Structure formats: structure tokens, C-alpha cells
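A.B. asks: Got a predicted structure here, sequence first:
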Amino acid sequence: MKILKHVLLIVLFFTTTALTFGQEVLNNGQTFLVKDSKIFLEGKDVTSVFTIERKAEIMEQAKQITAALKMKEEALEKEKKEAEEKAEQLLVEQKAKEEAAKEKEKAMQEAEDAKAMAIKKAQDEMDEAEETKKEAMEIAQKELKAAEKAKEKEAKEIKETEKEKQRVLKKAEKEKKETEKDLKKLAKDEKKLGAAKKALSKAEEKLEAQNKKFTKLKRKGKLSPVDEEKWEEKLNSLREDIAKHQKRISKF
């Protein structure tokens with residue numbers, strides 16, 4: 001349960017960060033920051049620069065990324081709630097079984113007490129009158145057999161209750177292990193997602209830096225046609241790396 005809460009806090013952190021500081025969006029090799037219906041590039045508001053279609057495209061990308069984070073948050077919250085409800089139900093069932101066992105034990109003790117009282121009554125009647133000895137003994141024997149039969153019945157019911165209790169506990173333990181396994185998988189996936197996002201961010205930064213360098217050299221006329229072709233191949237390779245990272249992230 002602690003692992004699930006930890007995973008949920010991580011997702012909440014990413015979602016809250018996106019909503020507070022804006023959402024980064026990679027579009028046509030450039031990384032924009034979308035916040036409050038505005039588009040920023042390197043800290044500058046460039047919203048008015050784009051066409052309506054381009055602006056809508058970037059806004060939609062930001063919306064989809066934010067929605068994906070929100071969906072993961074809701075899914076984890078649902079799993080947490082279901083796990084807590086299941087654990088609570090198991091505790092209630094276990095308590096009910098224990099209460100039933102106590103009632104059985106109480107009934108068994110009452111049967112023992114009844115048996116002792118029956119024997120004492122028979123003995124008293126024997127002492128009071130020899131004439132009623134035979135009749136009293138027969139009554140005592142009948143009550144004794146009934147008490148023993150009741151005791152055996154109670155013992156059998158207690159044994160069955162204990163067996164059922166063990167079955168429920170084993171089932172609960174199995175479900176607990178399965179839940180822990182699922183939580184570990186969620187944590188592992190979240191870790192992989194974080195690493196993939198980090199790799200994507202680095203690739204985007206590298207593309208942006210190389211693109212600036214290429215633009216600067218080209219503007220100053222320091223590149224031959226062959227150099228420009230090599231630069232274009234290099235930039236395309238970086239864009240392909242970014243596409244691969246984005247594809248990997250989309251699988252989560």
C-alpha cells in the first residue's frame with residue numbers, strides 16, 4: 001500500500017507541475033512551452049507568430065500530454081481504492097470468523113457446565129432416595145450422552161470454522177502478493193517512463209543546440225554545399241532519435 005501511495009504521489013507531482021508551469025511540446029524540431037493558452041519559445045511569447053492551424057496543433061499536443069498524465073493519475077487512484085476496499089473486506093470477514101469461533105467455544109463450555117449440573121443432580125437424587133436411583137441414573141446418562149453429542153458437534157463446527165479461516169487467510173495472502181507484484185510493476189514502469197522522458201529531453205536539447213549552430217554557420221556563409229548536406233544528415237539523425245524516444249514514451 002505504501003508503494004502505491006508513492007507511485008501516486010509521483011504521478012500527481014508530474015501532473016501538478018504540468019498544470020502550474022505549463023506543458024512542454026515538441027513540434028517540428030522545436031520545443032515550446034504551452035501555458036494559459038499561450039505558446040512560449042525560449043521564454044518569449046510567440047503565440048501570435050503562428051497560423052491558427054499551427055497554434056491549434058501545438059495546443060492539442062499539450063492537451064493530449066496533460067490528459068495522458070491525468071488518466072494515469074486516475075487509474076492509480078482507482079487501484080489504490082480497490083486494494084484498500086479489498087483489505088478492509090478481508091479484515092471484516094476475519095473478524096466475523098473469530099467472533100463465530102468465540103461463540104462456539106462459549107456454547108461448548110455451556111454444554112460442559114450442563115453436563116456437570118446433570119451429574120450433580122443425579123447424584124443428589126441418588127442420595128435422597130434409593131427408590132429413584134435407577135430412574136435418576138437413566139436421566140443422567142441421557143443428559144450426558146446429549147451433552148457429549150453436543151460437544152462433539154461443537155468441536156466439529158469449530159474445526160470447520162478454523163479450516164475456513166485458514167483458507168480465507170491463504171487467499172488473502174495470495175491476493176496481497178499479487179497486489180504487491182502489480183505495484184512493483186507499476187513502480188518499474190514509472191521509473192522507465194522517467195528515464196525515457198529524461199533521454200527525450202536531452203535529445204531535444206541536443207537538436208536545438210545543433211540546429212542553432214548550423215543556422216549560425218549558414219547565416220555567416222561558412223558552410224559549403226557538402227557541409228550543409230552533412231549538417232542536414234546530422235540534424236535528421238537527431239530528429240530520428242527524438243522520434244524513437246517519443247515512440248517509446250507513447251507505449252507507457
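C.D. replies: Yep, it's here.
A.B. asks: mean confidence score for the one helix or strand Ala118 maps to?
C.D. replies: Counting by DSSP states H and E, the element that carries Ala118 is helix 52-128. In this model, helix 52-128 has a mean pLDDT of 83.
A.B. asks: before we move on, what about stretch 213-233?
C.D. replies: In the prediction, stretch 213-233 has an average pLDDT of 91.
A.B. asks: where does Phe50 fall, phi/psi-wise?
C.D. replies: Phi and psi for Phe50, reported as degrees, to the nearest 10, are phi -80, psi 160.
A.B. asks: cool, Leu223 as well?
C.D. replies: Dihedral angles (degrees, to the nearest 10) for Leu223: phi -120, psi 130.
A.B. asks: Return the residues in contact with it.
C.D. replies: Leu223 sits next to 214, 217, 231 when contact means CB atoms under 8 Å, 6 or more residues apart in numbering. For glycine as for every other residue, the C-beta is placed from the backbone atoms N, C-alpha and C.
A.B. asks: re earlier: which element follows the helix holding Ala118 toward the C-terminus?
C.D. replies: helix 133-219.
A.B. asks: So which other helices or strands are in contact with that following helix?
C.D. replies: helix 2-21, strand 30-35, helix 52-128, helix 225-250 (3 or more CB pairs under 8 Å, 6 or more residues apart in numbering; DSSP states H and E).
A.B. asks: out of those, deepest packed?
C.D. replies: strand 30-35 (a mean of 19; mean count of other CB atoms under 10 Å).
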